[in-house]
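**Student:** fold the following for me, if possible:
(one chain, ligands or ions: 1)
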Amino acid sequence: MKFETFERTVPFRPGWKREYYDGKVHLRPSWVTIDYSLKLTQRPERPTHGLRMCEATDRAQLIDAFIDSFCYAPEYACDSMKSYRKKAAEYVDGYFGSVRGERSPCSTVLEIEGQIVAAALVKLRPTLPPLLDCLFVRPACFRRGYATIVAARAVNRLVAHGQPILRSGAMLANEASIAWHRSFGFLERPEYFLAQSRYFNAIHERGRLEKCNLATAEQLAEWDAKIASLKDEFERLSLAEDRSNKPLTAEVLNHAEKAK
Ligand SMILES: CC(C)(COP(=O)(O)OP(=O)(O)OC[C@H]1O[C@@H](n2cnc3c(N)ncnc32)[C@H](O)[C@@H]1OP(=O)(O)O)[C@@H](O)C(=O)NCCC(=O)NCCS
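**Tutor:** Sure, this is the predicted structure:
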């Protein structure tokens, strides 16, 4: 592909690294993430055959469903198939083990014709609210409401156990996950690196659209308004970050490195 074609056809997307070299497009997800929080209240549930608690005997089925579900997601886009399979097994073993907390009995799966097609896996943490550790649906079943069904059942179980809040997370590059979290009612927790990433992405995309003559004056004005609002949020969080006077811990430095 010629550089001019790359510029015209490949947009800057939040959470994605966009590069061109050796005559080729190189797209990779960055590790900028969004933290979510949900105030828990009872959810309406529609009667669904095959909805049940996740059991320890589901290990092999969950690995299979995980591999299928994440095949179009950005999380493992840079992995070989071998490493992807290994990470899927590691994730499921960690879920059944004590990684990020203890497995919650509220974790829910949806099984159809002997196959797990959707899962909402929850972890309990001693000093923090429970975490929606992983949510996935097999691609053949996307947009049938299955993620909402398993998550609603998990939420109702958490409510019955007296839990007031559920945390979750998504990669900024994972548009489906972000859309789902919004639709389910999760709220984003403001975060400096996230605001920075969105702000600079919008600046670059506006620049590309103008340079390639791909936007009308009206559309560019809309981008300017969006950039102004993202800038406000970025500056507000920059100030908060400065004021907090936090030393740059290894975790922050690592995050900054990954966000590049
Ligand atoms: C994200 C994911 C779990 C959503 O599952 P799903 O069963 O398709 O979601 P639902 O049918 O419950 O969607 C409910 C709403 O979320 C939003 N939504 C879900 N997927 C979306 C997408 N790809 N694009 C835009 N909106 C989407 C929509 O508002 C949708 O309502 P609608 O279909 O009436 O428009 C699924 O795409 C998935 O498993 N992806 C791969 C694994 C993954 O990324 N997991 C999340 C990791 S944090």
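
**Student:** looking at it, residue 170 is touching residue 182, isn't it?
**Tutor:** No: counting by Cβ atoms under 8 Å, residue 170 stays clear of residue 182, with 10.0 Å between them. From N, CA and C alone the C-beta is placed, and that goes for glycine too.

**Student:** for those two, indicate the residue with more neighbours.
**Tutor:** residue 170 (26 against 13; other Cβ atoms under 10 Å).

**Student:** can you classify that one as helix, strand or coil?
**Tutor:** strand (DSSP: H, G, I helix; E, B strand; the rest coil).

**Student:** next: residue 14.
**Tutor:** coil.

**Student:** cross-check the contact I'm expecting between it and residue 170.
**Tutor:** No: counting by Cβ under 8 Å, residue 14 sits too far from residue 170 to count as a contact (11.5 Å).

**Student:** which SSE is immediately downstream of the helix or strand where residue 120 lies?
**Tutor:** Element membership for residue 120 (DSSP states H and E) is strand 115-124. Counting by DSSP H and E, the element after strand 115-124 in chain order, helix or strand, is strand 131-137.

**Student:** if we can go back for a sec, now do the shared contacts for residue 170 and residue 182.
**Tutor:** Counting by Cβ atoms under 8 Å, 6 or more residues apart in numbering, no residue touches both residue 170 and residue 182.

**Student:** where in the stretch 151-260 of the chain is pLDDT low?
**Tutor:** 243, 245-260 (pLDDT under 70).

**Student:** which bits of it sit near the ligand?
**Tutor:** 170, 174, 176-177, 179-180, 183 (Cβ under 6 Å from any ligand atom).
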